[in-house]
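Student: predicted coordinates and the sequence they were generated for:
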Amino acid sequence: MSAEQVQLHINGRDITVAPGTTVAAAWNLAAFTASRTSVSGEPRAPVCGMGVCQECRVQINGRVRLACQTICAPGMRVEPMP
């Protein structure tokens, strides 16, 4: 890992991304599709990429955040919504 890369933990997996990468993009790079489950049990994933749809909600360091609006930071822990 070069000093120019960011390492974070996504859904049980360590991943390294370029600086400026959104959590939604890192989630996709880690080969995960659904970031949460709808109330009817359907898998949900980012749709709009700009924070309007709210489908990319994840838990980041224990707080609910929009993955498409959050830039990856070193040591960040990202988990799907329960």
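Tutor: Alright, I've got the coordinates.
Student: what about the helices in the chain?
Tutor: All helices of the chain, identified by DSSP state H, fall at 23-29.
Student: just the strands in it please.
Tutor: 6-10, 13-17, 36-37, 43-44, 57-60, 63-66, 77-80 (DSSP state E).
Student: give the pairing partners of the fourth one; include direction for each.
Tutor: What it means is strand 43-44. Using DSSP bridges, strand 43-44 pairs in its sheet with strand 36-37 (antiparallel).
Student: quick one: mean pLDDT over the strand it pairs with.
Tutor: Across strand 36-37, pLDDT averages out at 84.
Student: thinking again about what came up before, turn the strands of the chain into CSV, including distance to A24 and mean neighbour count.
Tutor: Using the backbone N, CA and C atoms, a C-beta is placed for each residue, glycine as well. Listed next are the strands of the chain as CSV, based on distance: least, Cβ to Cβ, whole Å; neighbours: other Cβ atoms under 10 Å:
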stretch, distance to A24, mean neighbour count
strand 6-10, 11, 19
strand 13-17, 11, 15
strand 36-37, 12, 16
strand 43-44, 12, 14
strand 57-60, 8, 20
strand 63-66, 8, 14
strand 77-80, 10, 18
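Student: V23 is nearest to which of the ones you listed?
Tutor: strand 77-80 (5.7 Å; Cβ to Cβ).
Student: what helices or strands is that closest one leaning on?
Tutor: strand 6-10, helix 23-29, strand 57-60 (3 or more Cβ pairs under 8 Å, 6 or more residues apart in numbering; DSSP states H and E).
Student: the strands of the chain: which one's closest to G51?
Tutor: Nearest to G51, of all the strands of the chain, is strand 63-66, at 5.1 Å by Cβ to Cβ.
Student: contacts for the closest one?
Tutor: 23, 51, 54, 56-59, 81 (Cβ atoms under 8 Å, 6 or more residues apart in numbering).
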